[in-house]
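K.L.:
next come a sequence and a model predicted from it.
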Amino acid sequence: SSMLGMVGGGQLGRMFVHEAQALGFKVMVLEPEVGSPAAHAADAHVQAAYDDAAGLQQLADACSSFTTEFENVPAASLAKLAETGFVAPSADCVSIAQDRIEEKAFFTRCAPQTGILPAPHAILRTADDLNHVSADLFPGILKTARMGYDGKGQVRVKSIEELRAAFANLNDVVCVLEKMLPLAYEVSVLVARGADGQAVVYPIAENVHRDGILFTTTVPSPHVSAEAALKTQNAALKLIADINYVGVLCIEFFVLQDGSVVVNEMAPRPHNSGHYTIDACVTSQFAQQVRAMARLPLGDVRQHSPCVMLNILGDIWFDGTTEQDKERQPAWDKVLALPSAHLHLYGKAEARRARKMGHITFIAPTLEQAQDEMRQACEILGIAV
Ligand code: ATP
Ligand code: MG
Ligand code: MG
């Protein structure tokens, strides 16, 4: 079948649909929300929950290969689709990334090969586990084991007392307490692997977060040493092969002030920090996902221009004091007058604060020019730099 099945309807699904269509495929999206970014762009939309049996059956009837754009899709749904078709990445791989405890155990198990450990941490399943937490983990960050993203479900705690209060406040849901590390900067590595085991790794990307949400991605990274880049890229290739992963995987790393590298988490799909590949690389992360799931050869990951990616959040639709003015639009005309700017809007019906509405990539002959035009765009749009 030339129809690809996509579980999830967000912006990652939408950008996947665009690349799939360019490669001659049709896409059927399973997504409960009406008017979602991907459903809008897709060739067919099954409007049902991600675990709806009839919805999954419709997808299975129309498609022979499946993927997801949302890491919290029930692993059982992917396992169900695998009964009749090819699912990339597999339910087993996705479920590791859905649980910080399993994810950290995976990173730790592979550390003899990668040379990179996760942050020191403790697993908190019950209130009793709090009695055995090492004092060395403070100050720390309490993270829910499942379902967190964009810094949601995270609380910073300075002492065991604060930890007790925060854990109780989360209604004793299973958590991980991580030691707060002195970060110098953050990087991510995008890798892709085909069903034949062939793997490719993209250039290392440097990420700046604001309020727990990705703010900018810069490639090449202004800070990373050649040695740290090679180390993280090799680690990513070892990790993706170890679990026989097929598709695009993004792994986040911390580089500490002493130069050492720590692995943070992974996303079993194309990632916000990989959006730069659409405009700056021969093969985008979304085209790569299409190729992997359709068992086509993977594409060249070569980056042809330096690039800065700026996320556009819904905040700039608000002026700070009044309610959202539905007619008001950011000054895209002024942004598009910048020669390096590529605007990508996700077609979301309504702007909300902290909601990802789009991104702009700045593609220039030099990184300095890309950075300069990114700052100019921030000024135009009222984003503090
Ligand atoms: P994402 O949207 O990337 O999935 P998330 O909610 O899963 O985010 P993390 O990536 O674990 O959360 O953490 C969000 C940010 O918080 C990190 O990018 C980093 O800036 C900071 N952070 C997380 N863990 C630590 C730590 N152990 N030490 C220092 N800073 C940390
Ligand atoms: Mg995460
Ligand atoms: Mg993260």
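P.N.:
Noted; the coordinates are in hand. Ligands and ions are numbered 1, 2, ... in the order given.
K.L.:
so who does Gly151 touch?
P.N.:
Shown in contact with Gly151 (C-beta atoms under 8 Å, 6 or more residues apart in numbering): His209, Asp211, Gly212, Ile213. (C-beta placed from N, C-alpha, C; glycine too.)
K.L.:
again with His223
P.N.:
Per C-beta under 8 Å, 6+ apart, neighbours of His223: Ala184, Tyr185, Glu206, Val255.
K.L.:
out of those, what pair is the most spread apart?
P.N.:
The largest separation in the contacts of His223, counting by C-beta to C-beta, is between Ala184 and Glu206 at 10.6 Å.
K.L.:
which one's more surrounded, the two?
P.N.:
More neighbours surround Glu206 than the other of Ala184 and Glu206, with 20 against 15 (other C-beta atoms under 10 Å).
K.L.:
on the three-state scheme, the more buried one is what?
P.N.:
At Glu206 the chain is in strand, as set by DSSP: H, G, I helix; E, B strand; the rest coil.
K.L.:
next one: it from ligand 1, what distance?
P.N.:
As judged by C-beta to the nearest ligand atom, to the nearest Å, Glu206 and ligand 1 stand 12 Å apart.
K.L.:
wait, what's in contact with the closest residue to that residue other than its chain neighbours?
P.N.:
Excluding its sequence neighbours, the residue lying closest to Glu206 (C-beta to C-beta, 6 or more residues apart in numbering) is Ser221, at 3.5 Å. If you count contacts by C-beta under 8 Å, 6+ apart, Ser221 has them with Tyr185, Val187, Ile204, Ala205, Glu206, Ala229.
K.L.:
what does Thr108 give?
P.N.:
By C-beta under 8 Å, 6+ apart, the neighbours of Thr108 are Leu117, Pro118.
K.L.:
where does it fall, secondary structure wise?
P.N.:
Assigned by DSSP states H and E, Thr108 belongs to helix 100-114.
K.L.:
any part of that helix near ligand 1?
P.N.:
No: Helix 100-114 does not reach ligand 1 (C-beta under 6 Å from any ligand atom); its nearest approach is 7.7 Å.
K.L.:
before we move on, the earlier item: can you list the contacts of Ser221 in CSV and add pLDDT and distance to Val248?
P.N.:
Below are these laid out as CSV (pLDDT from 0 to 100; distance: C-beta to C-beta, whole Å):
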residue, pLDDT, distance to Val248
Tyr185, 97, 23
Val187, 98, 17
Ile204, 98, 15
Ala205, 98, 13
Glu206, 98, 19
Ala229, 96, 19
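K.L.:
top of those by neighbour count?
P.N.:
Ala205 (27 neighbours).
K.L.:
now do the same for the residue nearest to His132 when sequence neighbours are not counted: its pLDDT.
P.N.:
Closest residue in space to His132, ignoring its immediate chain neighbours: Ala122 at 7.5 Å, by C-beta to C-beta, 6+ apart. You'll see Ala122 listed with a pLDDT of 98.
K.L.:
which residues of the stretch 101-250 of the chain lie near ligand 1?
P.N.:
With C-beta under 6 Å from any ligand atom as the criterion, the stretch 101-250 of the chain meets ligand 1 at residues 119, 141, 148-152, 178, 180-181, 183, 186, 209, 212.
K.L.:
how about a cut-off of 5 Å?
P.N.:
Ala119, Gly148, Tyr149, Asp150, Gly151, Glu178, Met180, Leu181, His209 (C-beta under 5 Å from any ligand atom).
K.L.:
pull out the buried members of those.
P.N.:
Buried members of these, counted by 16 or more other C-beta atoms under 10 Å: Ala119, Gly148, Glu178, Leu181.
K.L.:
contacting residues for Phe362?
P.N.:
Applying C-beta under 8 Å, 6+ apart to Phe362 gives the contacts 307-310, 338, 340-342, 369-371, 373-374, 377.
K.L.:
of these, closest to Leu298?
P.N.:
Distances from Leu298 to the contacts of Phe362, taken by C-beta to C-beta, are shortest for Cys307, at 20.6 Å.
K.L.:
gap between that closest one and Ala377?
P.N.:
14 Å (C-beta to C-beta, to the nearest Å).
K.L.:
quick one, which of the two is more surrounded?
P.N.:
Higher neighbour count among Cys307 and Ala377: Cys307, with 29 against 25, using other C-beta under 10 Å.
K.L.:
that one bridge partners, please.
P.N.:
Val219, Ile363 (DSSP bridges).
K.L.:
and the contacts of Ser221, which is closest to Ala280?
P.N.:
Ala205 (10.2 Å).
K.L.:
quick check: chain neighbours aside, which residue is closest to His18?
P.N.:
Ala41 (6.4 Å).
K.L.:
which SS class is the residue in the stretch 201-350 of the chain positioned nearest to ligand 1?
P.N.:
Closest contact between the stretch 201-350 of the chain and ligand 1, by C-beta to the nearest ligand atom, is at His209 (4.6 Å). At His209 the chain is in strand, as set by three-state DSSP.
K.L.:
contacting residues around the closest residue to it other than its chain neighbours?
P.N.:
Nearest non-adjacent residue to His209, counting by C-beta to C-beta, 6+ apart: Phe215, 6.0 Å away. Residues in contact with Phe215 (C-beta under 8 Å, 6+ apart) are Val208, His209, Leu310, Asn311.
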